[in-house]
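Undergrad: Sequence and predicted structure, then a few things I'm wondering about:
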Amino acid sequence: MSLPPLVEPAAELTVDEVRRYSRHLIIPDVGMDGQKRLKNAKVLCVGAGGLGSPALMYLAAAGVGTLGIVEFDEVDESNLQRQIIHSQSDIGRSKAESARDSVLGINPYVNVVLHEQRLEADNVLDIFGQYDLIVDGTDNFATRYLVNDACVLLNKPYVWGSIYRFDGQASVFWSEHGPCYRCLYPEPPPPGMVPSCAEGGVLGVLCASIGSIQVTEAIKVLAGVGEPLVGRLMIYDALEMQYRQVKVRKDPDCAICGENPTVTELIDYEAFCGVVSEEAQEAAAGSTITPKQLKEWIDDGESIDIIDVREPNEYEIVSIPGARLIPKNEFLMGTALQDLPQDRKIVLHCKTGVRSAEVLAVLKSAGFADAVHVGGGVIGWVHQIEPDKPVY
């Protein structure tokens, strides 16, 4: 559907700006009026990672006048495969500051505003209220629902994107004109059901494909050109090089934008999404050991069976000495239980401790009462025991 421009045009473009944006100005659908609207626009990018990197760079190049960046993390070497706004010299720096410097290097006429804090229910409305449009580059369900609900409550449009391995999705959610994220996904998936990019990986260049779609949609909404992806979900399969669309209708029973909403204020999104299931939390209580404790057990020759519940490709990157690989799914399917020893203590671990806690719950319910898992997983092991090993 065609929508009116989101923002009013700025008073003028300088001579330098006219030269810079000349290739936009000669497009009839953009022209001087559209470029002035971009100059007057205030856009917030939630995250300066895989999706935030191309989004911020192309929004800056396009001439969006004010760019906000919400980011509290630091640049890690594993980011550089896809987060192209950062470079080798930025490792260890604030991602927000690194992104700001890159943005200003692309376009010094952009006003960059940093919000170096975790986006939470107690600050999101204040932050979002300063901007016309939000670009969501988050990678976890709790923040996605937080972004959606805040935008619905503030009646703001936002451009959403998601990536995983070779697949990507994008849409524009604007409850005034169409569905919101909850209309598409009313409930988050069960904890551990959908692996994160940190667990399953992502093709680096996929970020550019989906991020560029997000920027295209942002420009269309801001300038009022074309037909934004409101009410449509764009799905991209990089392996097959195929794009397809799915219509998304506004749900009259939606919890926040429906006819009788039950969510009228922001909630506890970590609890709503159940980052770790209640069963896993109960299983891990009193049955969690540290990497240092595991090292002591190994050195003392304790009778233990160390089981890595990650995927084979993760195991190839780095592993704890003596650990054998049994992927999490084999426990969930029940096929791994019959091969577990009865005469040794089982010690589970994964990358950070989330998946191993889920598997621990399975083992506890199957009668392995003395099983434990390693809090912090292999990442904690590397940081505390073998710092020369790679992390991912």
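TA: In hand now; what should we look at? Residues are numbered from 1 along each chain as shown.
Undergrad: Residues contacting stretch 21-40, please?
TA: Contact with stretch 21-40 is made by 5-13, 17-18, 62-65, 219, 222-226, as judged by Cβ atoms under 8 Å, 6 or more residues apart in numbering. Just so you know, the C-beta spots here come from the backbone N, C-alpha and C atoms, and that holds for glycine as well.
Undergrad: Could you give me the buried positions within that stretch?
TA: Under the neighbour-count criterion of 16 or more other Cβ atoms under 10 Å, stretch 21-40 has 21, 24, 25, 30, 34, 35, 36, 37, 38, 39, 40 buried.
Undergrad: Same check on stretch 142-154?
TA: The neighbour-count check on stretch 142-154 (16+ other Cβ under 10 Å) flags 142, 143, 144, 145, 146, 147, 148, 149, 150, 151, 152, 153 as buried.
Undergrad: if I look at residue 322, how far off is residue 271?
TA: For residue 322, the distance to residue 271 (Cβ to Cβ, to the nearest Å) stands at 37 Å.
Undergrad: my bad, should have said residue 152
TA: According to Cβ to Cβ, residue 152 stands 19 Å off from residue 271.
Undergrad: contacting residues for residue 295?
TA: Listed by Cβ under 8 Å, 6+ apart, the contact partners of residue 295 are residue 385.
Undergrad: roughly how far is the host helix or strand of it from the heart of the chain?
TA: In this structure, residue 295 is located in helix 291-299 according to DSSP states H and E. Taking Cα atoms, centre = their mean, to the nearest Å, one finds the center of helix 291-299 at 34 Å from the center of the full chain.
Undergrad: Could the C-alpha coordinates of that helix be exported in PDB?
TA: Coordinates of each C-alpha in helix 291-299 appear next as PDB, following Å, rounded to 0.1, in the frame of the first residue of the first chain:
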ATOM      1  CA  PRO A 291      35.000 -24.200  34.600                       C
ATOM      2  CA  LYS A 292      37.500 -24.100  37.400                       C
ATOM      3  CA  GLN A 293      35.600 -26.800  39.200                       C
ATOM      4  CA  LEU A 294      35.600 -28.900  36.100                       C
ATOM      5  CA  LYS A 295      39.300 -28.400  35.700                       C
ATOM      6  CA  GLU A 296      39.900 -29.600  39.300                       C
ATOM      7  CA  TRP A 297      37.800 -32.700  38.700                       C
ATOM      8  CA  ILE A 298      39.800 -33.500  35.500                       C
ATOM      9  CA  ASP A 299      43.100 -32.900  37.300                       C
END
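Undergrad: tell me which residues of that helix are tucked away?
TA: Buried residues in helix 291-299, counted by 16+ other Cβ under 10 Å: 291, 294, 295, 297, 298.
Undergrad: Which of these sits closest to residue 50?
TA: Of all the buried residues of helix 291-299, residue 50 sits closest to residue 291, with 28.2 Å by Cβ to Cβ.
Undergrad: thought the closest one was touching residue 385?
TA: Yes. At 5.5 Å, residue 291 and residue 385 qualify as touching, with contact defined as Cβ atoms under 8 Å.
Undergrad: could you dump the lowest-mean-pLDDT helix or strand in the chain to PDB, C-alpha only?
TA: Least confident element among the helices and strands of the chain, by mean pLDDT, DSSP states H and E: helix 197-200 (a mean of 72). Presented in PDB, the C-alpha positions along helix 197-200 are these (Å, rounded to 0.1, in the frame of the first residue of the first chain):
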ATOM      1  CA  CYS A 197      23.100 -16.800  15.100                       C
ATOM      2  CA  ALA A 198      25.800 -17.300  17.800                       C
ATOM      3  CA  GLU A 199      24.700 -21.000  18.000                       C
ATOM      4  CA  GLY A 200      23.800 -21.700  14.400                       C
END
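Undergrad: So which elements touch the very next helix or strand once past that helix?
TA: On the C-terminal side of helix 197-200, the nearest following helix or strand under DSSP H and E is helix 204-223. Secondary-structure packing of helix 204-223 (3 or more Cβ pairs under 8 Å, 6 or more residues apart in numbering; DSSP states H and E): helix 31-40, helix 52-62, strand 133-136, strand 158-164, strand 167-173, strand 232-237.
Undergrad: Residue 389 is nearest to which of these?
TA: So among the helices and strands packed on helix 204-223, strand 158-164 is nearest, using Cβ to Cβ, at 26.1 Å.
Undergrad: Can you list the strands that the closest one pairs with?
TA: Applying DSSP bridges to the sheet, strand 158-164 is found paired with strand 133-136 (parallel), strand 167-173 (antiparallel).
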